[in-house]
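Undergrad: Just to be clear, the model below is a prediction. Sequence and coordinates:
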Amino acid sequence: MRQTWRWFGPRDLVSVDDMRQAGVEGVVSALHHVPAGAIWEPAEIAKRQDDIGRMSDGRPSGLNWEVAESLPVSEDIKRQTGAWREHVANYKTSLKNLAAAGIEVVCYNFMPVLDWTRTDLAWRLPHGGTCMRFDFADFAAFDIHILKRPGAKDDFPAEVAEEAARRFAGMDEARQEALARNVAFGLPGAAEHLTLDGLRAHLEAYGAISADRLRSHFIAFLEAVVPTAEEAGIRLCCHPDDPPFPLLGLPRIMSTEADYAAMMQAVDSPANGITLCSGSLGARPDNDLPGMMQRLGERVYFLHLRNVRRESDAVAGSFFEDEHLAGGTDMVALIAEVLKEEARRRASGRADHSIPMRPDHGQDILDDLKRQAQPGYPAIGRLKGLAELRGIMTALSHPQYGLAP
């Protein structure tokens, strides 16, 4: 397992020096300032590689940009509207440019409008730190009473809608605004943060698009770009929905093992693979992460290792970002399956036998609380998670367990 770290670029409050001290082997980054649908030009890619390759004093960092996360799929492509054909052509050009720069793994998602959704970006934990949280009743309060989406109340269980009404009644204007900001925050590092009116416009544009239709658009996208990726030596890996159930009346089509199996069958190519995110998928009680790694592992090209604590057994429900070895996913069992897959790859001579992983998200602890970096991406909280994951990897790689290289 190749240990990597997500970096949002020169404005990231966790620096290249910090990454170097954390002992990571590679860097995951993206050109967040380039609008979705535009080309990632070679000069911009080279500039980011140079930023990663130098420490603050100018010395070489010894780190390289190894995974592109995310090369965004535009809303036009997802809806097949506007300039979507041009955007697909630009996506293919970006893949070629990344490959020419030596970057072989590209993570993306096909979630409509928002890349992830939380209701609290700094939820207070008993130990004094903070984490991100998705509260289903708070989200319902936003959807029904703040956004005022038509028909929203019917999308929630009656008891959740009733609790949402109670909570909204107790919210002052500042609390309503804070909840709206959190929900609309989207992807950390994104160039655009949606307003309520903007969000309503996006939802209206998706009004007639069912899950089946969105899935057909996804397959059409893959049919267009996967041959280019395969020719260029790129391994595309789709990130799951976060959270993995429908929100805001929008369809979600990458939430379960069956979704991934159907995607790979529809466009059966070694270039069409998976980002296995244990946190996103782990927010559903019916997703078996070790089992998914065992059954789908041949096409897992990137790993996000984090853990969430579900607060109910419902498919759609509340959860918070727990410590990496806590929560609902058996991280020891999952990593064991990853190491087994890597051993199979080595035995068969695959060049990609070492799967890049990153400690995804993390609780804000100690000096993180003062640093206030990208929500979900603290320095110390992620380093703590990485240390815990390293401990599992080291123990399971001991010769007596049969998982050693």
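TA: Good, I have the coordinates. Keep in mind that this is a model prediction, so the values were computed, not measured.
Undergrad: need the contact list for Gly391.
TA: Applying CB atoms under 8 Å, 6 or more residues apart in numbering to Gly391 gives no contacts. In short, each C-beta sits where N, CA and C put it, glycine included.
Undergrad: now the helices for the stretch 301-405 of the chain?
TA: Under the criterion DSSP state H, counting those that start in this stretch, helices of the stretch 301-405 of the chain are mapped to 331-348, 368-371, 379-396.
Undergrad: so where's the protein uncertain?
TA: Across the chain, the ranges flagged by pLDDT under 70 are 186-194, 401-405.
Undergrad: quick one, strands of it?
TA: 2-6, 26-29, 65-69, 105-108, 120-124, 130-134, 235-238, 272-277, 300-305, 307-310, 319-322, 356-359 (DSSP state E).
Undergrad: JSON lines please, covering these and showing distance to Leu396 and mean neighbour count.
TA: Supplementary listing: the strands of the chain in JSON lines, determined by distance: least, CB to CB, whole Å; neighbours: other CB atoms under 10 Å:
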{"stretch": "strand 2-6", "distance to Leu396": "15", "mean neighbour count": "23"}
{"stretch": "strand 26-29", "distance to Leu396": "21", "mean neighbour count": "22"}
{"stretch": "strand 65-69", "distance to Leu396": "23", "mean neighbour count": "23"}
{"stretch": "strand 105-108", "distance to Leu396": "23", "mean neighbour count": "24"}
{"stretch": "strand 120-124", "distance to Leu396": "32", "mean neighbour count": "17"}
{"stretch": "strand 130-134", "distance to Leu396": "26", "mean neighbour count": "24"}
{"stretch": "strand 235-238", "distance to Leu396": "23", "mean neighbour count": "24"}
{"stretch": "strand 272-277", "distance to Leu396": "17", "mean neighbour count": "25"}
{"stretch": "strand 300-305", "distance to Leu396": "13", "mean neighbour count": "24"}
{"stretch": "strand 307-310", "distance to Leu396": "17", "mean neighbour count": "22"}
{"stretch": "strand 319-322", "distance to Leu396": "21", "mean neighbour count": "22"}
{"stretch": "strand 356-359", "distance to Leu396": "14", "mean neighbour count": "25"}
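Undergrad: for those, which one sits closest to Ala46?
TA: When the strands of the chain are compared by CB to CB, strand 65-69 sits nearest Ala46, at 9.9 Å.
Undergrad: can you list the residues that contact that closest one?
TA: By CB under 8 Å, 6+ apart, strand 65-69 touches 2, 4, 6, 26-30, 45, 48-49, 52, 98, 101, 103-107, 239, 275, 302, 356, 358.
Undergrad: Pull up the pairing partners for it, direction included.
TA: Using DSSP bridges, the strands paired with strand 65-69 are strand 26-29 (parallel), strand 105-108 (parallel).
Undergrad: Val332: which of these is closest?
TA: strand 26-29 (23.6 Å).
Undergrad: rewinding a little: save the strands paired with strand 65-69 as a markdown table, and put in distance to Ala178 too.
TA: Formatted as a markdown table, the strands paired with strand 65-69 follow (distance: least, CB to CB, whole Å):
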| stretch | distance to Ala178 |
| --- | --- |
| strand 26-29 | 29 |
| strand 105-108 | 30 |
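Undergrad: pretty sure Arg6 contacts Val28?
TA: Yes: using CB atoms under 8 Å, Arg6 is in contact with Val28, at 4.5 Å.
Undergrad: which neighbours do the two share?
TA: 69, 358.
Undergrad: Give me the neighbour count for Pro251.
TA: 18 (other CB atoms under 10 Å).
Undergrad: Identify the residues contacting it.
TA: Per CB under 8 Å, 6+ apart, neighbours of Pro251: 112, 209-211, 214.
Undergrad: before we move on, the earlier item: the helices of the stretch 301-405 of the chain: which one's closest to Ile253?
TA: The nearest among those, by CB to CB, is helix 331-348 at 23.4 Å.
Undergrad: same for the closest one, what does it pack against?
TA: Under the contact criterion of 3 or more CB pairs under 8 Å, 6 or more residues apart in numbering; DSSP states H and E, helix 331-348 touches helix 289-296, strand 300-305, helix 379-396.
Undergrad: ok now that helix, how far from the chain's centre?
TA: Averaging C-alpha positions (CA atoms, centre = their mean, to the nearest Å) puts helix 331-348 22 Å from its chain's average.
Undergrad: now stretch 73-82, how far from the centre of its chain.
TA: 20 Å.
Undergrad: now could you export just the CA positions of that stretch as CSV?
TA: Below are the C-alpha coordinates for stretch 73-82, written out as CSV (Å, rounded to 0.1, in the frame of the first residue of the first chain):
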residue,chain,number,x,y,z
VAL,A,73,-16.9,15.7,-14.6
SER,A,74,-19.0,18.8,-15.5
GLU,A,75,-22.7,19.1,-14.7
ASP,A,76,-23.2,19.4,-18.5
ILE,A,77,-21.7,16.0,-19.0
LYS,A,78,-23.8,14.5,-16.2
ARG,A,79,-27.0,16.0,-17.7
GLN,A,80,-25.9,15.7,-21.4
THR,A,81,-26.8,19.4,-21.9
GLY,A,82,-25.0,22.5,-23.1
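Undergrad: ok, and for that stretch, which residues are buried?
TA: Residues of stretch 73-82 classed as buried under the neighbour-count rule (16 or more other CB atoms under 10 Å) are 73-80.
Undergrad: can you check stretch 198-209 too?
TA: So for stretch 198-209, counting by 16+ other CB under 10 Å, buried means 199-200, 202-203, 205-206, 209.
Undergrad: Export that stretch to CSV, keeping only CA atoms.
TA: The C-alpha trace of stretch 198-209 is given here as CSV (Å, rounded to 0.1, in the frame of the first residue of the first chain):
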residue,chain,number,x,y,z
GLY,A,198,-27.6,28.6,-7.3
LEU,A,199,-28.4,25.3,-5.7
ARG,A,200,-32.1,25.7,-6.6
ALA,A,201,-31.1,26.3,-10.2
HIS,A,202,-29.0,23.2,-10.3
LEU,A,203,-31.7,21.1,-8.8
GLU,A,204,-34.2,22.4,-11.4
ALA,A,205,-31.8,21.5,-14.2
TYR,A,206,-31.8,17.9,-12.9
GLY,A,207,-35.6,17.8,-12.4
ALA,A,208,-36.3,15.3,-15.2
ILE,A,209,-33.3,13.1,-14.8
